[in-house]
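In: need a structure here:
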Amino acid sequence: MQFDHYTVTLLILRPDAPPLSGDALDALQDQHMAHLAALHEAGHLLAAGPLLGADDRAFRGLSIWRGDAGEVRRMLAEYPDPAVTAGRFREEILPWMVPGGALQFSHVRFPRSMAEADA
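Out: The predicted structure follows:
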């Protein structure tokens, strides 16, 4: 059987995340979303979105990437997520495989801000 290989990243809330005001948190979220949209537009990021649940949950987001874990790690080092750089989150990078052809991704437009997501 053939397998397709992807990389999954988990966005995890840091227990030592710096406290941010509502406005600062909103601005950081917009920067985070613009970052993901740019990586998607460039063809690296296949899917991304929040993991839903209580406000105090650790796991906050999941992304599926084209490429192996080493490539994704290098890309995130070169183009770091602003929310990770700010110390709010950390990323866990995991190789993932599924039976060949089990998943198909369409190139859709990712929102670049919460205002776009809510529109």
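In: Check which helix or strand the residue found closest to residue 9 once you drop the neighbours it is linked to in the chain maps to.
Out: Using C-beta to C-beta, 6 or more residues apart in numbering and skipping residues adjacent in sequence, the residue nearest residue 9 is residue 63, 4.7 Å away. Glycine gets a C-beta too; all of them are placed from N, C-alpha and C. Using DSSP states H and E, residue 63 sits in strand 59-66.
In: List the buried residues in that strand.
Out: Within strand 59-66, the residues scored as buried using 16 or more other C-beta atoms under 10 Å are 60-65.
In: okay, those in a markdown table with pLDDT and distance to residue 40 next?
Out: Listed next are those as a markdown table, based on pLDDT from 0 to 100; distance: C-beta to C-beta, whole Å:
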| residue | pLDDT | distance to residue 40 |
| --- | --- | --- |
| 60 | 96 | 18 |
| 61 | 97 | 13 |
| 62 | 98 | 14 |
| 63 | 98 | 9 |
| 64 | 97 | 11 |
| 65 | 97 | 10 |
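In: Quick check: the farthest pair among those?
Out: Distances among the buried residues of strand 59-66 were taken as C-beta to C-beta; the most separated pair is 60 and 65, at 16.9 Å.
In: Scan this structure for its longest helix.
Out: In the chain, taking DSSP state H as the definition, the longest helix is helix 22-41.
In: Against which helices or strands is that one packed?
Out: Packed against helix 22-41 by the contact rule (3 or more C-beta pairs under 8 Å, 6 or more residues apart in numbering; DSSP states H and E) you find strand 45-50, helix 82-85, helix 114-118.
In: Indicate which one of these is closest to residue 15.
Out: helix 82-85 (14.7 Å).
In: which residues touch the closest one?
Out: 11, 28-29, 31-32, 35, 76, 89-91 (C-beta atoms under 8 Å, 6 or more residues apart in numbering).
In: Buried residues of stretch 72-91, list them for me.
Out: In stretch 72-91, counting by 16+ other C-beta under 10 Å, buried: 72, 75-76, 81-84, 86, 88-91.
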